[in-house]
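Novice: Quick check, what structure comes out for this input:
(2 chains)
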Amino acid sequence: MIKEPVELIKAGRRQRRRRWIAVTVSLAILAILLCCAMLLLGNTIYPVKEVIRALSGDSVKGVSFAVNTIRLPRMLAGLFAGFAFGIAGYVFQTMLRNPLANPNVIGITSGSSAAAVFCITVLHASGAIVSAASVIAGLATVIVIYFLSRGRAFSIGRLILIGIGMQAMLDAVISYLILISSQQDIPAALRWLAGSLNGSQMRELPPLVLTVMIFAPIVILLGKHLNLLELGEQSATSLGVATDKTRIALIVSSVFMIAIATATTGPIAFVSFLSGPIAKRLVGIGFSNVIPAGLVGVNLVLAADLIGQFAFEVRFPVGIVTGLLGAPYLIFLLIRMNRRGEL
Amino acid sequence: MSSSSALTDRRQKLHTPRNFTTVLIVCIVLLGVCAVASLVLGSRPVRFHELIDGLFHPDIDSYGANIVRKRIARTVFSLLCGAALGVSGALMQSVTRNPIADPSILGVNTGAALFVVSGIAFLNISTANQYIWLALAGAAITAVFVFGIGSMGRGGATPIKLVLAGAATSAAISSLVSAILIPRAYVMDQFRFWQVGSVGSGSWSSIATFAPFLIVGILIALMTAPALNALALGDDVATGLGVRTGVLRLIAALAGVVLCGAATALAGPIGFVGLLATHVMRLVLGPDLRFVIPMSAISGAVILTISDVGGRLIGSPGELEVGVVTAFIGAPILIILAMRSKVRSL
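Specialist: Next comes the predicted model:
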């Protein structure tokens, strides 16, 4: 018996939905396991029972400090920053229809970093001011890149080239700011070069948590439209998407998340670049990959931080581990895109 | 008026750009000005009589005169490095027939850096003579790798493909460099001075190490310039004009890599000088490489020396690395080129 076409489509859709759910749940479980590992592992490995007691507020000698002051903030920073990087990277890649067009490559992260370093080393500001400045700088970078790349005809290639140029300039600014900063500011400022979870503190986290809580749901809700935008301006409009509004909402939300995450942990290399393609690989196409991309981001950051902390004799900051993992993938992707003539 | 005289007219025009004398004079004046500025300006400015003492009266042993003497080597070194980087940029742009080719954009600098770091960390290398060979090898291998990736697929090596291949390779290599450095404090210490991308370490001995590479590289560049002009018309036309394109590319690229590798080995990674120097000269002189290549040497020297002086003034009392300054003033050229190029050629 040949099934009706509608039945076939429905069956396919059911199958894809099952796969989406299975992948998302597995990613979430993996993320939870990694979170637990972040809390349990360290210089001293405490029994699970004591860690739980320390977390629930009892003061346990030694354990409370290690878990509540060092490991918990580190884990939360990685969790929320990874989610933010993953989602924002996916949004840019999907909207610009090019995996290379992510905040890391086109200089948005450098813009936020430069602003954060400026606030810390020159203005000696902290907290809300740093967050606000990095958001404004991130948005400004997006606007500048967009207007510069409009030219005679918009092209993603032009946008990426201009973004790389902007990044080179902003990195020069960061180097200069670090040079003129006073000695005690340097460790804080250096974080903006590689990205690190070392020394994350509880009091730095509220802006990040709040931003992700507000903007991640917006992006998730708009995720369906994002897939339609990928089909192209005209198709999306005819399918009922208010393209300009959706696009602006998506960009603003993503830049907010990227900027605040960058201001908290520094630009953790390649997470925003890797998450989208990996999620797409795992889930396939058809459904919105926003949540899976965010979860992949979380897993990448936490796993890379664990590797950086424990796999070698020396502790590597998380940004270097993700850089070592991500860069070969970037090269592989380039080779594949070049072979297929997609660039 | 016969057609043959029109032809000769045109050939003559091509031969010397109209404004060549003006440009040459301006460049040489600039060269002199920035050489003097490099001797005089810095965290401790030097007075005029001290400058004269330092330059012409070796028997006077005042504080200011000694500062001038120290700065002489630095100035000569930065002029030579700038010249090497300028010519290297011009060569790479012609070989790849690509306006954005520059040692730093192609990731060649970071390739040299990786080899130098590995040399310090694993082979206990510590002298400039040994650095230079490692840096050359690193530069050459990276250049081949990046160009290989960038020219895959349809359309050959377009600017966007080359830039991305270079950026990706740079990112990969920088992570490797950090991974090698972090556990080894002693390497970090030695490397830090090198990576600063500074001509401040310039001494007469490093100039002596550098000079042979510079001379050979620039001679090759000058000799290949006419053939590179033909190559600019396209491979087919060049072959028709009797140019063996494969051999030419190989030799010219080798010269470009030697020039930038040697400069990187001694001064650390310095970016965007080649891009800036060559494009300014093309803008004022037109496309003829027989003029653009030697003038890129002069403009590269001017740009690097001005950047070095600027870095000393901005970063006072310390100094801002010259590589940071050149990136800041050179990167806009990349943006402008990207804005002006046609979509098709990206």
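
Novice: Show me where chain A has its helices.
Specialist: Along chain A, the segments classed as helices by DSSP state H run A:5-40, A:48-55, A:63-64, A:72-95, A:108-121, A:128-150, A:156-180, A:186-194, A:205-229, A:233-238, A:243-265, A:271-283, A:290-310, A:318-340.

Novice: correction: the stretch 101-250 of chain B
Specialist: B:108-122, B:128-150, B:159-181, B:185-195, B:204-231, B:235-240, B:245-267 (DSSP state H, counting those that start in this stretch).

Novice: Look at the residue nearest to the spatial centre of chain A and report its pLDDT.
Specialist: The centroid of chain A falls nearest to residue A:85 when counting by Cα atoms, centre = their mean (0.7 Å). In this model, residue A:85 is scored at 93, pLDDT.

Novice: do the one 5 residues further on as well
Specialist: In this model, residue A:90 is scored at 91, pLDDT.

Novice: Could you do residue A:299 as well?
Specialist: For residue A:299, the model assigns a pLDDT of 94.

Novice: I'd guessed it sits against residue A:82; true?
Specialist: Yes. Using Cβ atoms under 8 Å, residue A:299 is in contact with residue A:82, at 7.3 Å. Using the backbone N, CA and C atoms, a C-beta is placed for each residue, glycine as well.

Novice: okay, these two: which has more neighbours?
Specialist: Set side by side, residue A:299 and residue A:82 show more neighbours around residue A:82, with 33 against 21, by other Cβ atoms under 10 Å in any protein chain shown.

Novice: Next one: the more buried one from residue A:323, what distance?
Specialist: 15 Å (Cβ to Cβ, to the nearest Å).

Novice: Likewise for residue A:112?
Specialist: Relative to residue A:323, residue A:112 is positioned 18 Å away (Cβ to Cβ).

Novice: cool, residue A:87 as well?
Specialist: Using Cβ to Cβ, residue A:87 is found at 20 Å from residue A:323.

Novice: which one of these two has more residues nearby?
Specialist: Neighbour totals were compared for residue A:87 and residue A:323, and residue A:87 leads with 34 against 27 (other Cβ under 10 Å).

Novice: Now that one. Nearest residue, chain neighbours left out?
Specialist: Of all residues not flanking residue A:87 in the chain, residue A:294 sits nearest, at 4.4 Å (Cβ to Cβ, 6 or more residues apart in numbering or on different chains).

Novice: Please tell me I have it right and the one you found contacts residue A:83.
Specialist: Yes. The criterion here is Cβ under 8 Å, and residue A:294 meets it with residue A:83 at 4.3 Å.

Novice: okay, and the common contacts of these two?
Specialist: Residues touching both residue A:294 and residue A:83 (Cβ atoms under 8 Å, 6 or more residues apart in numbering or on different chains) are residue A:216.

Novice: who has more neighbours, these two?
Specialist: The neighbour comparison of residue A:294 against residue A:83 (other Cβ under 10 Å) goes to residue A:294, with 30 against 26.

Novice: who are the neighbours in contact with the more buried one?
Specialist: Contacts for residue A:294 were tallied using Cβ under 8 Å, 6+ apart; they are A:82, A:83, A:84, A:86, A:87, A:90, A:216, A:275.

Novice: of those residues, closest to residue A:137?
Specialist: Nearest to residue A:137 among those is residue A:84, at 16.2 Å by Cβ to Cβ.

Novice: and residue 108, how many neighbours?
Specialist: I'll assume chain A. Look at residue A:108: counted by other Cβ under 10 Å, it has 32 neighbours.

Novice: actually it's chain B I care about, not the one you picked
Specialist: 35.

Novice: For it, give me its contacts.
Specialist: Taking Cβ under 8 Å, 6+ apart, we find residue B:108 in contact with B:139, B:142, B:143, B:146, B:257, B:260, B:261, B:264.

Novice: What's the separation between the closest residue to the second one other than its chain neighbours and residue A:161?
Specialist: Using Cβ to Cβ, 6+ apart and skipping the chain neighbours, the partner closest in space to residue B:142 is residue B:111 (2.6 Å). Separation of residue B:111 from residue A:161 (Cβ to Cβ) stands at 21 Å.

Novice: quick one: residue A:338 from chain B, how far?
Specialist: 4 Å (Cβ to the nearest Cβ, to the nearest Å).

Novice: thinking that residue is in contact with residue B:149, fair?
Specialist: Yes. Using Cβ under 8 Å, residue A:338 is in contact with residue B:149, at 6.8 Å.

Novice: Can you list the low-confidence ranges for the chain?
Specialist: By default, I'm working from chain A. Scanning chain A for pLDDT under 70 picks out the ranges A:1-3, A:151-153, A:182-194, A:342-343.

Novice: I was after chain B.
Specialist: Across chain B (using pLDDT under 70), the flagged ranges come out as B:1-15, B:128, B:155, B:157, B:185-198, B:201, B:342-346.

Novice: Just want the angle from the longest helix seen in it to helix B:159-181.
Specialist: When chain B is parsed with DSSP H, its longest helix is helix B:63-96. Put simply, helix B:63-96 runs at 130 degrees to helix B:159-181, going by axes from the mean of the first three to the mean of the last three Cα atoms, to 10 degrees.

Novice: for helix B:63-96, which positions count as buried?
Specialist: Within helix B:63-96, the residues scored as buried using 16 or more other Cβ atoms under 10 Å in any protein chain shown are B:64-65, B:67-68, B:71-96.

Novice: ok so, going back, biggest separation within the contacts of residue B:108, which pair?
Specialist: Going by Cβ to Cβ, the pair spanning these furthest: B:146 and B:264, at 14.8 Å.

Novice: Count the residues that sit near residue A:45.
Specialist: Residue A:45: 9 surrounding residues under other Cβ under 10 Å.

Novice: typed the wrong thing, it's residue B:254
Specialist: Residue B:254: 18 surrounding residues under other Cβ under 10 Å.

Novice: quick one: the residue nearest to residue B:142 and residue B:143 touch, right?
Specialist: Yes. The criterion here is Cβ under 8 Å, and residue B:111 meets it with residue B:143 at 7.3 Å.

Novice: Quickly note the distance from residue B:106 to chain A.
Specialist: Applying Cβ to the nearest Cβ, the value for residue B:106 to chain A is 12 Å.

Novice: What about that residue, how many residues nearby?
Specialist: 32.

Novice: got it, and residue A:203?
Specialist: 8.

Novice: Compute the inter-axis angle for the longest helix of chain B and helix B:204-231.
Specialist: Orientation check (the same axes, to 10 degrees): helix B:63-96 against helix B:204-231 gives 30 degrees.

Novice: can you pull the contacts of the nearest residue to residue B:55 once chain neighbours are set aside?
Specialist: Leaving aside its chain neighbours, residue B:55 sits nearest to residue B:68 (6.5 Å; criterion: Cβ to Cβ, 6+ apart). Going by Cβ under 8 Å, 6+ apart, residue B:68 touches B:39, B:40, B:46, B:50, B:51, B:53, B:54, B:55.
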